[in-house]
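J.: show me how the following folds:
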Amino acid sequence: MARTTIEWTECSWNPITGCTKISAGCEHCYAERMAKRLKAMGQSRYSNGFDLTLHNDILDLPLRWRKPRSIFVNSMSDLFHKNVPDSFVDKVLSTIREAEWHRFQLLTKRAERLALIDNYIEWPSNSMIGVTVENRDTRDRIDLLRATAAPIKFISFEPLISPVGKLDLRGIDWVIVGGESGPGARPMDVSWVLEIKRQAERLDIPFFFKQWGGTIKKRRGRMLEGQEWNEVPTMVAGI
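T.: Prediction:
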């Protein structure tokens with residue numbers, strides 16, 4: 001099992017590694033840094049560095065984990081990258097469907113392809129589908145997500161690198177907010193976070209504050225308005 005320090009999940013499953021940058025939130029990609037480090041350490045799955053790589057041999061990995069858990073799918077890539085074949089996406093979703101005792105969390109910046117795939121597949125009932133929104137320019141991803149038939153829809157405002165303004169959160173089941181971390185991290189203003197939080201509260205959407213971020217994220221912690229915010233939708237209440 002690949003344990004993770006990501007606060008809103010329990011472990012990760014990476015049948016794909018590597019990606020390419022498509023928007024401002026990708027500038028300081030943590031997965032790219034990690035992939036390069038793992039390649040330098042001689043990790044065989046990262047022999048291609050951050051080039052997109054499919055790992056057919058671990059497509060069935062979650063089926064070997066008998067204890068139910070929340071699983072972040074492709075924390076080191078994006079299932080809906082244009083170079084991932086439809087047939088491979090189908091295989092990943094088939095595993096999710098078969099491993100019905102787990103809860104799977106899929107997050108993408110490629111909402112356009114997500115919308116296209118939605119036209120011809122049935123989402124597994126134990127899946128959560130999310131999009132990343134890092135600034136005003138990427139708010140259209142919310143509309144594309146909302147139009148899908150995903151059973152649970154969530155938004156990750158991470159890295160939040162600017163205010164996002166007024167949002168249409170109708171039909172959204174979960175909101176996560178987090179600042180950027182690591183080298184070159186861009187600062188996040190508290191007013192940007194609270195603006196999102198208030199909008200989620202008005203629609204009774206569970207709100208999860210992941211981190212303030214920064215070069216050393218532990219120094220700034222996770223406190224917002226004097227407390228941690230760890231709200232989750234019913235489907236992931238066990239994490």
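J.: so where's this structure shaky on pLDDT?
T.: By pLDDT under 70, the weakly predicted segments of the chain are 1, 216, 235-239.
J.: so which residues of it form strands?
T.: Here the chain has its strands, by DSSP state E, at 2-3, 11-13, 16-17, 53-54, 70-73, 103-108, 127-132, 152-157, 174-178, 207-211.
J.: for the first one, name the packing helices and strands.
T.: Strand 2-3 makes packing contacts with strand 11-13 when contacts are defined by 3 or more C-beta pairs under 8 Å, 6 or more residues apart in numbering; DSSP states H and E. C-beta here means a position set from N, CA and C on the backbone, and glycine is covered the same way.
J.: how much space separates R170 from I205?
T.: Going from R170 to I205 by C-beta to C-beta, to the nearest Å gives 10 Å.
J.: returning to what we had before: columns mean neighbour count and distance to M223 on top of the strands of the chain, output as TSV?
T.: Below are those laid out as TSV (neighbours: other C-beta atoms under 10 Å; distance: least, C-beta to C-beta, whole Å):
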stretch	mean neighbour count	distance to M223
strand 2-3	10	24
strand 11-13	20	25
strand 16-17	24	33
strand 53-54	18	38
strand 70-73	24	23
strand 103-108	24	24
strand 127-132	25	23
strand 152-157	24	17
strand 174-178	25	13
strand 207-211	22	8
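J.: can I get those strands in CSV with distance to E32?
T.: CSV is the format used below for those (distance: least, C-beta to C-beta, whole Å):
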stretch, distance to E32
strand 2-3, 18
strand 11-13, 16
strand 16-17, 11
strand 53-54, 13
strand 70-73, 17
strand 103-108, 16
strand 127-132, 15
strand 152-157, 17
strand 174-178, 17
strand 207-211, 19
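J.: do you know which of those strands lies nearest Y46?
T.: Closest of the strands of the chain to Y46 is strand 16-17, at 6.4 Å (criterion: C-beta to C-beta).
J.: who does that closest one pair up with?
T.: Sheet pairing of strand 16-17 (DSSP bridges) gives strand 53-54 (antiparallel).
J.: any idea how far S47 is from S75?
T.: Computed as C-beta to C-beta, the S47 to S75 distance reads 19 Å.
J.: one more: G182?
T.: To S75, G182 is 15 Å away according to C-beta to C-beta.
J.: neighbour count for the two, which is higher?
T.: Counted by other C-beta atoms under 10 Å, G182 and S75 do not tie: S75 has more neighbours, with 20 against 16.
J.: let me know whether that one touches S12 as I believe.
T.: Yes. Counting by C-beta atoms under 8 Å, S75 touches S12, with 4.1 Å between them.
J.: anything in contact with each of those two?
T.: 4, 6 (C-beta atoms under 8 Å, 6 or more residues apart in numbering).
J.: can you give me the distance of A150 to I117?
T.: From A150 across to I117, the span is 10 Å (C-beta to C-beta).
J.: quick check: closest non-adjacent residue to K109.
T.: T132 (4.8 Å; C-beta to C-beta, 6 or more residues apart in numbering).
J.: now do C26
T.: Once flanking residues are discounted, C26 sits nearest to K109: 7.3 Å by C-beta to C-beta, 6+ apart.
J.: so what's that neighbour up against?
T.: 22-23, 25-26, 78, 131-132, 138, 141.
J.: how about S75?
T.: Applying C-beta under 8 Å, 6+ apart, we find S75 in contact with 4, 6, 12, 14, 31.
J.: could you give the number of residues near the closest residue to E27 other than its chain neighbours?
T.: Computed as C-beta to C-beta, 6+ apart, the closest residue to E27 that is not its neighbour in sequence is K21, at 7.1 Å. Around K21 there are 12 other residues, counting by other C-beta under 10 Å.
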